[in-house]
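A.B. asks: What shape does this take:
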Amino acid sequence: MTPRRPTVLTTSAALALTLTATACGPTEPATSKSSSGRPGGTYSVALTEPDHLLPGRTTSSYSLQVLQGLFDTPATLDPRNGSVRPLAATSWSTSDNTVWTIRFRPGTTFHNGEKVTAASFADAWNAAAYGPNGWDTNYYFSQIKGYEALNPAEEGAEPTARRLAGLKVLDATTLQVTLKAPFGQFPMLLSFPAFAPLPTAATADPDRHDTAPIGNGPYRLDGRWERNQKITLKKFSAYRGPRTPMADRVDFKIYTSRETAFTELQAGNVDILTTVPAANAPQARRLFGDRFSVRPSGTMDYLGLPVKDPRFDDPRIRKAISMAIDRKGITQAIYNGVYKPATSLVGDVIPGHRPDACGPTCTYDPAAARRLFDEAGGFEGTLELYFSNADTTYEQWMTSIANQLKDNLGVKDVKFRKMAPADLSPLLNEGRNKGPFRQNWVIDYPSIQNYLDGLYYPGNRSGWSDKEFDALVQKGNAAQGADAVAAYQQAEDIALRELPYIPLWNWQDQSAWSDRVADVVIDPYVSGLHLDRVTVEQ
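C.D. replies: Okay, the predicted model is just below:
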């Protein structure tokens with residue numbers, strides 16, 4: 001799970017203005033007032049332009065919101081507590097957490113009438129896992145036996161296979177998956193859109209189907225994706241899955257900024273905005289009342305540090321930087337106190353989250369920070385801070401951090417490296433940055449493991465690795481339940497001790513909607529708005 005997704009689309013319980021989730025307890029989804037439940041009608045959703053609409057090619061939250069309506073993945077997550085449950089699959093079983101048997105729902109079809117079979121899933125997964133295809137979700141399949149044959153590590157080496165050895169189609173509705181090692185979180189992984197099936201035509205011609213995808217979900221594409229304008233979905237009349245769609249049509253209206261989208265919501269030109277800008281929260285609360293929601297999120301922001309740079313290789317330097325940052329002050333000034341200062345590597349809606357795992361290292365203490373900084377030898381040269389121009393708040397909080405590092409640590413020269421996400425992402429992935437960088441993580445599924453694997457994967461952006469950490473993650477992978485959580489927490493302790501990624505704050509997502517819609521359900525675990533549940537007041 002490589003770093004990606006600039007934002008997540010989620011929501012709250014009982015429309016409370018603020019929710020406080022317990023460390024391991026359930027988190028209620030945001031649910032608007034209920035209507036009569038009458039089907040039909042059309043509603044609109046504000047959206048930022050996606051990058052792709054083929055499931056294996058994207059990890060963007062903007063894309064995933066559309067894909068949530070177009071595709072049924074094998075599993076889904078309960079909006080109340082994040083527990084995994086069947087969707088396109090009817091069941092899965094294992095005796096050793098290594099060999100899994102997945103049974104799929106019979107009698108379902110793609111939007112073009114082609115039958116959905118176990119092979120439809122296997123073919124889609126093979127296409128994503130085949131290195132030369134260059135699909136964004138490739139690493140999601142690294143747990144499956146045979147992945148290395150499709151992705152040779154040696155530079156210039158050619159793959160020795162095109163299909164994962166660990167996938168075996170047993171019959172039309174049964175797929176056997178053999179993993180490289182025990183992985184108890186595997187069913188949760190099956191809820192991510194990368195594991196959706198694809199029809200034969202899509203794997204044969206992915207470029208064509210990237211803009212006109214053919215799915216197996218409750219909605220189908222109506223026409224084509226009109227770049228930077230709109231994407232329209234209509235009810236799939238032959239849908240036989242468990243998510244019966246209520247509205248006849250969903251219009252995604254594409255906006256260049258969330259601020260513009262909020263203005264359009266006020267004007268009545270769009271019905272649902274899943275990400276109200278933090279600066280507009282007071283206004284949204286006043287205007288929309290019980291149609292405005294703030295709720296816990298699994299999304300986190302971090303300051304990543306290039307530990308292979310000698311100036312950052314001492315953990316004391318990294319800890320000093322962390323202790324010099326006033327998280328509470330920044331979240332209050334820039335996010336109206338909605339975002340929560342981080343005290344852990346993981347979001348507080350995640351089972352096993354510990355509210356003070358980071359301890360003093362994440363506590364604002366300028367005096368202690370300066371002592372530790374000086375003890376470690378300080379910092380010479382220009383401190384370059386890297387971030388994208390996708391959101392104005394990124395530069396705002398980077399400016400605050402720059403000023404605090406100057407004031408609290410005596411860093412004299414700080415320069416910003418602001419660029420488009422499309423330019424920043426490859427620069428960070430290739431390790432060409434010369435200083436700290438904004439790192440965001442949006443959960444794929446509610447497990448500590450998802451953060452650990454997503455941030456500290458081999459060759460990660462910070463360049464950090466640790467054998468003891470890796471061994472504890474593997475121990476957690478081989479277990480389930482409390483045993484898995486305990487191992488992951490021990491691994492988190494090592495990552496916090498070494499601190500290649502400094503936790504900054506836990507997002508709290510904000511949404512608002514018009515009085516034209518009801519039964520609006522958005523949760524912290526699935527990719528945004530539950531498109532199938534929304535009803536239209538007619």
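
A.B. asks: Run through the strands of the stretch 401-538 of the chain in chain order.
C.D. replies: Per DSSP state E, counting those that start in this stretch, the stretch 401-538 of the chain carries strands over the ranges 414-419, 437-441, 501-513, 517-518, 521-522, 535-536.

A.B. asks: Tell me the strands beside the third one, with direction?
C.D. replies: Applying DSSP bridges, strand 501-513 is found paired with strand 272-273 (antiparallel), strand 292-304 (antiparallel), strand 340-341 (antiparallel).

A.B. asks: what element comes up after the last one heading to the C-terminus?
C.D. replies: Tracing the chain C-terminally past strand 340-341 and defining elements by DSSP states H and E, one meets helix 366-375 next.

A.B. asks: same for that following helix, what does it pack against?
C.D. replies: Contact analysis of helix 366-375 by 3 or more C-beta pairs under 8 Å, 6 or more residues apart in numbering; DSSP states H and E lists helix 315-323, helix 392-409 as its packing neighbours. C-beta: built from backbone N, CA, C; applies to glycine.

A.B. asks: Indicate which one of these is closest to residue 206.
C.D. replies: Smallest distance to residue 206 across the helices and strands packed on helix 366-375 (C-beta to C-beta): 32.0 Å, for helix 392-409.

A.B. asks: hmm, who's touching that closest one?
C.D. replies: Contacts of helix 392-409 with the rest of the structure, by C-beta atoms under 8 Å, 6 or more residues apart in numbering, involve 278-279, 303, 320-321, 324-326, 329-330, 333-335, 366, 369-370, 373, 378-379, 383, 385, 387-389, 411-412, 414, 416, 418, 438, 504.

A.B. asks: hmm, back to that, which of the strands paired with strand 501-513 sits most buried?
C.D. replies: Across the strands paired with strand 501-513, averaging neighbours per residue (mean count of other C-beta atoms under 10 Å) puts strand 272-273 on top, at a mean of 28.

A.B. asks: returning to that earlier point: turn the strands paired with strand 501-513 into a markdown table, including mean pLDDT and distance to residue 247.
C.D. replies: Converted to a markdown table, the strands paired with strand 501-513 look like this (pLDDT from 0 to 100; distance: least, C-beta to C-beta, whole Å):
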| stretch | mean pLDDT | distance to residue 247 |
| --- | --- | --- |
| strand 272-273 | 98 | 11 |
| strand 292-304 | 92 | 20 |
| strand 340-341 | 96 | 34 |
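
A.B. asks: closest one to residue 168 among those strands?
C.D. replies: Set against residue 168 and scored by C-beta to C-beta, the strands paired with strand 501-513 come closest in strand 292-304, at 32.9 Å.

A.B. asks: quick one: residue 195 from residue 393, how far?
C.D. replies: Separation of residue 195 from residue 393 (C-beta to C-beta, to the nearest Å) stands at 32 Å.

A.B. asks: Could you do residue 265 as well?
C.D. replies: When distances are taken as C-beta to C-beta, residue 265 and residue 393 turn out to be 19 Å apart.

A.B. asks: Residue 195 and residue 393 - which one has more neighbours?
C.D. replies: residue 195 (24 against 16; other C-beta atoms under 10 Å).

A.B. asks: Tell me who's in contact with that one.
C.D. replies: 55, 73, 74, 75, 121, 124, 125, 140, 189.

A.B. asks: try 7 Å this time
C.D. replies: Taking C-beta atoms under 7 Å, 6 or more residues apart in numbering as the definition of contact, the neighbours of residue 195 are 73, 74, 125, 189.

A.B. asks: So for the last one, what pLDDT did the model give?
C.D. replies: Meaning residue 189. Residue-level confidence at residue 189 comes out at 93, pLDDT.

A.B. asks: Equivalent analysis for the second one, please.
C.D. replies: Each residue has a pLDDT score; the one for residue 74 is 98.

A.B. asks: Got phi/psi on residue 221?
C.D. replies: Residue 221 has phi and psi values of phi -70, psi 140 when expressed as degrees, to the nearest 10.

A.B. asks: Surely it is in contact with residue 210?
C.D. replies: No - using C-beta atoms under 7 Å as the test, residue 221 is too far from residue 210 to be in contact (11.6 Å).

A.B. asks: of the two, who's got more company?
C.D. replies: residue 221 (22 against 17).

A.B. asks: residues in contact with that one?
C.D. replies: Residue 221 makes contacts with 70, 212, 213, 233, as judged by C-beta under 7 Å, 6+ apart.

A.B. asks: Report how many residues lie close to the closest residue to the last one other than its chain neighbours.
C.D. replies: For residue 233, the nearest residue in space outside its immediate sequence neighbours is residue 219; the separation is 3.8 Å by C-beta to C-beta, 6 or more residues apart in numbering. Other residues within reach of residue 219 by the criterion other C-beta under 10 Å amount to 26.

A.B. asks: Over to the one 5 residues further on?
C.D. replies: Here the neighbour count serves as a burial measure; for residue 224 (other C-beta under 10 Å) it reads 10.

A.B. asks: Wait, a helix at residue 213?
C.D. replies: No - using DSSP: H, G, I helix; E, B strand; the rest coil, the secondary structure at residue 213 is coil, not a helix.
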